[in-house]
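Visitor: Quick one: sequence plus predicted model below, questions after.
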Amino acid sequence: MSELLSFALFLASVLIYAWKAGRNTWWFAATLTVLGLFVVLNITLFASDYFTGDGINDAVLYTLTNSLTGAGVSKYILPGIGIVLGLTAVFGALGWILRRRRHHPHHFGYSLLALLLALGSVDASPAFRQITELVKSQSRDGDPDFAAYYKEPSKTIPDPKLNLVYIYGESLERTYFDNEAFPDLTPELGALKNEGLDFSHTQQLPGTDYTIAGMVASQCGIPLFAPFEGNASASVSSFFPQNICLGDILKNSGYQNYFVQGANLRFAGKDVFLKSHGFDHLYGSEELKSVVADPHYRNDWGFYDDTVLDEAWKKFEELSRSGQRFSLFTLTVDTHHPDGFISRTCNRKKYDFDGKPNQSFSAVSCSQENIAAFINKIKASPWFKDTVIVVSSDHLAMNNTAWKYLNKQDRNNLFFVIRGDKPQQETLAVKRNTMDNGATVLDILGGDNYLGLGRSSLSGQSMSEIFLNIKEKTLAWKP
């Protein structure tokens with residue numbers, strides 16, 4: 001409704017000024033500026049929604065105010081050119097229309113009315129409302145009961161015995177594993193999911209809905225906008241330094257922490273976050289290009305999943321042989337929106353849906369095959385008995401070519417655990433969220449069953465169970 005109202009006000013302003021206002025340089029400039037702002041706001045909303053599917057949100061704000069180094073932009077070049085050309089055309093057309101009666105005497109009343117209508121169109125626009133809410137949310141005080149629920153765990157795990165492999169599947173939400181909705185889309189990884197502890201109701205909360213936010217939530221038990229004095233920017237040397245996260249606990253417990261991904265580590269400040277919380281060994285596109293077999297085999301973001309997971313396997317072998325306690329985290333990228341990438345080693349290169357090929361589904365089917373192959377190598381190794389494997393999505397899929405089909409389903413994040421030391425096969429339908437992932441892993445490794453706002457789904461009660469309005473509650477904790 002607000003979209004129609006704002007557009008109607010915009011159109012009324014243009015028509016009244018063009019046909020009634022007459023000639024006046026100041027009123028022309030003021031009206032054109034406000035109408036131009038309306039256009040820019042709506043273009044911004046359109047562009048943001050193209051990426052997120054959720055308009056102008058924290059993900060947009062965070063991404064634009066942090067390091068964009070290594071961002072995969074080639075698929076967005078044509079849409080970007082279209083936006084620039086469209087803006088130029090709209091501003092040119094607006095200027096021409098508004099100056100139609102420049103030879104007629106100025107009419108103060110109609111000029112004022114046109115300007116007020118233009119201001120009203122801006123105020124009524126969804127883009128302005130979303131930006132206003134974001135600005136307000138940065139200055140309001142967080143809900144004071146935050147401290148009552150935030151629990152800092154012990155800084156060490158007593159007598160740790162298990163190594164950890166933690167796989168973040170880019171946008172690889174659990175919805176893709178619904179075989180009734182998407183038949184034979186994820187057979188290999190789906191079979192492995194069914195062999196382990198499968199947590200089927202992992203909801204996505206505000207502040208956990210993009211990659212770095214999902215990583216912070218799963219490792220620190222906090223949404224990225226939680227009320228702390230730390231700075232989340234890649235332009236500084238620390239990232240929530242006063243908070244205890246999973247990597248800190250692992251390092252304090254004698255683990256060597258490794259992180260491997262195909263994209264540039266600097267994008268969104270992942271390198272800053274990881275270095276601030278116990279990870280001394282980081283491998284991204286820059287670090288891998290000197291060691292991979294084919295440094296030219298890359299997609300828009302960096303190295304393909306098959307390359308990254310091959311390197312992760314080599315690192316797993318090396319670390320396992322050394323006898324050193326370790327954690328190995330890896331993040332895939334082939335399932336990134338808008339439509340993903342297909343590794344050349346996949347058998348599953350094409351998936352049809354609704355009678356036609358769908359690139360996003362194809363990328364999912366390919367990536368899950370690569371992840372499953374990596375896990376099966378670990379399972380077949382002599383070191384599996386000392387290993388815990390975790391597979392999770394970093395966040396729900398954003399606006400990709402499968403998005404409209406995903407939105408028809410009950411969407412949840414992926415989180416399952418395969419224990420080499422103690423095989424367990426169970427689907428756990430307990431209500432939980434991404435912030436519970438780290439606490440659950442910590443519990444399995446022998447540590448505490450809480451981490452920040454996260455609680456172990458094996459022995460604790462999630463905030464998602466405590467608060468029926470957990471999404472609103474999470475936003476209330478936003479400073």
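Guide: Looks like it came in fine.
Visitor: Okay, helices next: where are they in the stretch 151-300 of the chain?
Guide: Secondary structure of the stretch 151-300 of the chain (DSSP state H, counting those that start in this stretch): helices at 187-195, 211-220, 246-252, 270-276, 285-288.
Visitor: ok, the residue lying closest to Leu250 once chain neighbours are set aside - contacts?
Guide: Leaving aside its sequence neighbours, Leu250 sits nearest to Ser327 (CB to CB, 6 or more residues apart in numbering; 5.1 Å). (Each C-beta comes from the backbone N, C-alpha and C, glycine too.) Neighbouring residues of Ser327 by CB atoms under 8 Å, 6 or more residues apart in numbering: 163-166, 247, 250, 255-258.
Visitor: can you redo those residues as JSON lines with pLDDT, neighbour count and distance to Ala127?
Guide: Output for the contacts of Ser327, formatted as JSON lines (pLDDT from 0 to 100; neighbours: other CB atoms under 10 Å; distance: CB to CB, whole Å):
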{"residue": "Asn163", "pLDDT": "99", "neighbour count": "24", "distance to Ala127": "48"}
{"residue": "Leu164", "pLDDT": "99", "neighbour count": "22", "distance to Ala127": "43"}
{"residue": "Val165", "pLDDT": "99", "neighbour count": "26", "distance to Ala127": "42"}
{"residue": "Tyr166", "pLDDT": "99", "neighbour count": "22", "distance to Ala127": "37"}
{"residue": "Gly247", "pLDDT": "98", "neighbour count": "24", "distance to Ala127": "38"}
{"residue": "Leu250", "pLDDT": "99", "neighbour count": "28", "distance to Ala127": "43"}
{"residue": "Tyr255", "pLDDT": "99", "neighbour count": "22", "distance to Ala127": "46"}
{"residue": "Gln256", "pLDDT": "99", "neighbour count": "18", "distance to Ala127": "47"}
{"residue": "Asn257", "pLDDT": "99", "neighbour count": "21", "distance to Ala127": "41"}
{"residue": "Tyr258", "pLDDT": "99", "neighbour count": "22", "distance to Ala127": "42"}
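Visitor: Throw those into CSV and include distance to Leu61, thanks.
Guide: Putting these into CSV (distance: CB to CB, whole Å) gives the following:
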residue, distance to Leu61
Asn163, 37
Leu164, 32
Val165, 33
Tyr166, 27
Gly247, 25
Leu250, 30
Tyr255, 34
Gln256, 35
Asn257, 29
Tyr258, 31
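Visitor: Pick the one among these closest to Glu3.
Guide: Nearest to Glu3 among these: Tyr166, at 41.8 Å, using CB to CB.
Visitor: do you know which of the helices of the stretch 151-300 of the chain lies nearest Phe353?
Guide: Comparing these by CB to CB, helix 187-195 comes nearest, at 15.4 Å.
Visitor: what's the burial count for the residue nearest to Gln203 when sequence neighbours are not counted?
Guide: The shortest distance from Gln203 to any non-neighbouring residue, by CB to CB, 6+ apart, is to Asn433 (5.0 Å). Number of residues near Asn433 (other CB atoms under 10 Å) recorded here: 29.
Visitor: And Asn24, by the same measure?
Guide: Neighbourhood size, Asn24 [other CB under 10 Å]: 16.
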